[in-house]
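Undergrad: Quick one, what's the 3D model for this:
(4 chains)
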Number of protein chains: 2
Amino acid sequence: MLTDEYRYKILKLLEDNASITQRELAGQLDVSLGWVNACLKQMGDEQLIQAQRSAGQPQYAYQITPCGQRTRRSIAVSVLSTKKSERAALERDISELEAELKQRDTSARGALRANS
Amino acid sequence: MLTDEYRYKILKLLEDNASITQRELAGQLDVSLGWVNACLKQMGDEQLIQAQRSAGQPQYAYQITPCGQRTRRSIAVSVLSTKKSERAALERDISELEAELKQRDTSARGALRANS
DNA sequence: CAGCTTCCGTTCAACCAATGAACGTGATGC
DNA sequence: GCATCACGTTCATTGGTTGAACGGAAGCTG
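TA: Next comes the predicted model:
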């Protein structure tokens, strides 16, 4: 599924190198070739990028459209917001886990002390 | 897929309430009924829990076995470690995004100033 | 007691996102 | 010309997840 996070990652990789191949993209994103192909097609439908074949080049150059440039900012804001929420959730989980482990350590030590 | 994180969550919910139904578990974990059913079966195979039917009770009581109690600690450690890594990755992503947005804000303001 | 309803756990056909092998194409090297 | 290589494209297959349907057990009602 093409999420905003992947849109962001793909736009970024394309900005770095418009001539990157789909296989390279797949490798860097750690997804399959077919998936990348579908995403690029969808992002083309969304007017975010435009694929151009230069003569004598087997691969496309994926150019980010003006719309894509504009959209990229709002995508970044949205992704940032999502990640901040995720971070907050992680913080909660981590302190909860740490509290539990501390408590269990204590009771374990207590039990040992009682045994000795 | 039954991950350590889900093992942890399930053990926790069962500790709070051994008589929770599979539907309630599914609701609280935000997964499907069939999935919860399969997980509980697997956790039974793993000797983490034991399902017991009390007379006159339609639902099981899922008791955490001694092995489950022991295993739970190491699962918690493992989950905690995973979450700390995830947090670190999120921190990186967030500061990267913030840096980019700040930079784009600046250049956007610069462009506006140039236009006025 | 029979019938009905309700709430369980269980099952499994259906769904769907993701995969990657296979293919067609065009450029390159020999 | 022929073989090879690198690319994008396709699609049958895979595998995890879903939730409707089912059977059984308990409770309720007349």
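Undergrad: Pull out the buried residues from whatever helix or strand residue A:44 lives in.
TA: In the assignment (DSSP states H and E), residue A:44 maps to helix A:33-45. For helix A:33-45, the neighbour count (16 or more other C-beta atoms under 10 Å in any protein chain shown) marks A:35-36, A:39-40, A:43 as buried. Placement of C-beta: from N, CA and C, glycine included.
Undergrad: Pull up the per-residue confidence for residue A:54.
TA: The model reports residue A:54 with a pLDDT of 78.
Undergrad: Leaving out chain neighbours, which residue sits closest to it?
TA: residue A:61 (6.2 Å; C-beta to C-beta, 6 or more residues apart in numbering or on different chains).
Undergrad: what's the host helix or strand of the one you found packed up against?
TA: Per DSSP H and E: residue A:61 is located in strand A:60-64. Helices and strands touching strand A:60-64, by 3 or more C-beta pairs under 8 Å, 6 or more residues apart in numbering or on different chains; DSSP states H and E, are helix A:4-16, strand A:49-53.
Undergrad: circling back: quick one: mean pLDDT over the helix holding residue A:44.
TA: Here the average pLDDT along helix A:33-45 is 97.
Undergrad: Can I get that helix in CSV, CA atoms only?
TA: In CSV, the C-alpha atoms belonging to helix A:33-45 read as follows (Å, rounded to 0.1, in the frame of the first residue of the first chain):
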residue,chain,number,x,y,z
LEU,A,33,10.2,-4.8,-7.7
GLY,A,34,6.5,-5.2,-8.6
TRP,A,35,5.4,-3.1,-5.7
VAL,A,36,7.7,-0.3,-6.7
ASN,A,37,6.5,-0.5,-10.2
ALA,A,38,2.9,-0.1,-9.0
CYS,A,39,3.8,2.7,-6.7
LEU,A,40,5.5,4.7,-9.4
LYS,A,41,2.5,4.2,-11.7
GLN,A,42,0.2,5.4,-9.0
MET,A,43,2.4,8.4,-8.2
GLY,A,44,2.3,9.2,-11.9
ASP,A,45,-1.5,9.0,-11.8
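Undergrad: Is DNA strand D within reach of stretch A:12-29?
TA: Yes - interface with DNA strand D: stretch A:12-29 contributes A:21-23 (C-beta under 7 Å from any atom of the strand).
Undergrad: got the contact list for that stretch?
TA: With contact meaning C-beta atoms under 8 Å, 6 or more residues apart in numbering or on different chains, stretch A:12-29 is reached by A:6, A:9-10, A:32-33, A:35-37, A:40, A:49, A:57, A:59-64.
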